[in-house]
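Q: my questions are about this predicted structure, shown below with the sequence.
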Amino acid sequence: MRLPHAVGAAAAVVSTLAVLLPTGAAHAAPGATIALPVRDALTALAVQAEDRTGYEHIKFRHWTDADRDGCSTRLEVLIEEASPPANTARTAH
C-alpha cells in the first residue's frame, strides 16, 4: 500500500521533529541538534481544536472550474496527485 503524499510529508515532518524537539526544549541551546524518540517528540507537540473563525468559502475564488469539466481546480489537483490503489487483483495459478 502506498502512502498518500500528505502522509509521506507528515512522516518527514515528524522525523525532523524527532531530531529538533527535545523533551525540555526550553533548555536547549538555539540551533542545537537533539535526538529523541519520535513518541517523545509527538508528545511535545501542542494539539488544539481547529479554529475556522473568519473562514469564508467565497474568499477562495481560485477553486474555479476553468475548463468547465465539472471539477474545480482543487479537485483536479487532488485527482492528479492521488496515488492509485494498491493492486489487489489475484492472479490465477
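A: That came in fine, so what should we check first?
Q: from residue 75, how far out is residue 69?
A: 10 Å (CB to CB, to the nearest Å). For every residue, glycine as well, the C-beta is placed using N, CA and C.
Q: neighbour count winner among the two?
A: When residue 69 is set against residue 75 and neighbours are counted by other CB atoms under 10 Å, the residue ahead is residue 75, at 13 against 9.
Q: what helices or strands is the helix or strand containing the more buried one leaning on?
A: Using DSSP states H and E, residue 75 falls within helix 73-81. For helix 73-81, there is no helix or strand it packs on, judged by 3 or more CB pairs under 8 Å, 6 or more residues apart in numbering; DSSP states H and E.
Q: for it, what is the average pLDDT?
A: Helix 73-81 shows a mean pLDDT of 89.
Q: which residues touch that helix?
A: Defining contact as CB atoms under 8 Å, 6 or more residues apart in numbering, one finds that helix 73-81 is touched by 5, 62, 63, 64, 65, 66, 71.
Q: only alpha carbons, please: show it as CSV.
A: What follows is the C-alpha trace of helix 73-81 in CSV, where atoms were taken according to Å, rounded to 0.1, in the frame of the first residue of the first chain:
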residue,chain,number,x,y,z
THR,A,73,-9.1,23.4,-9.7
ARG,A,74,-8.8,21.9,-6.2
LEU,A,75,-10.5,18.6,-7.3
GLU,A,76,-8.3,18.4,-10.4
VAL,A,77,-5.2,18.8,-8.3
LEU,A,78,-6.4,16.1,-5.9
ILE,A,79,-7.1,13.7,-8.8
GLU,A,80,-3.8,14.4,-10.4
GLU,A,81,-1.8,13.9,-7.3
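Q: may I see the buried residues of it?
A: Neighbour counts using 16 or more other CB atoms under 10 Å place no residue of helix 73-81 among the buried ones.
Q: check stretch 64-71 too.
A: By neighbour count, and taking 16+ other CB under 10 Å as the criterion, stretch 64-71 has no buried residues at all.
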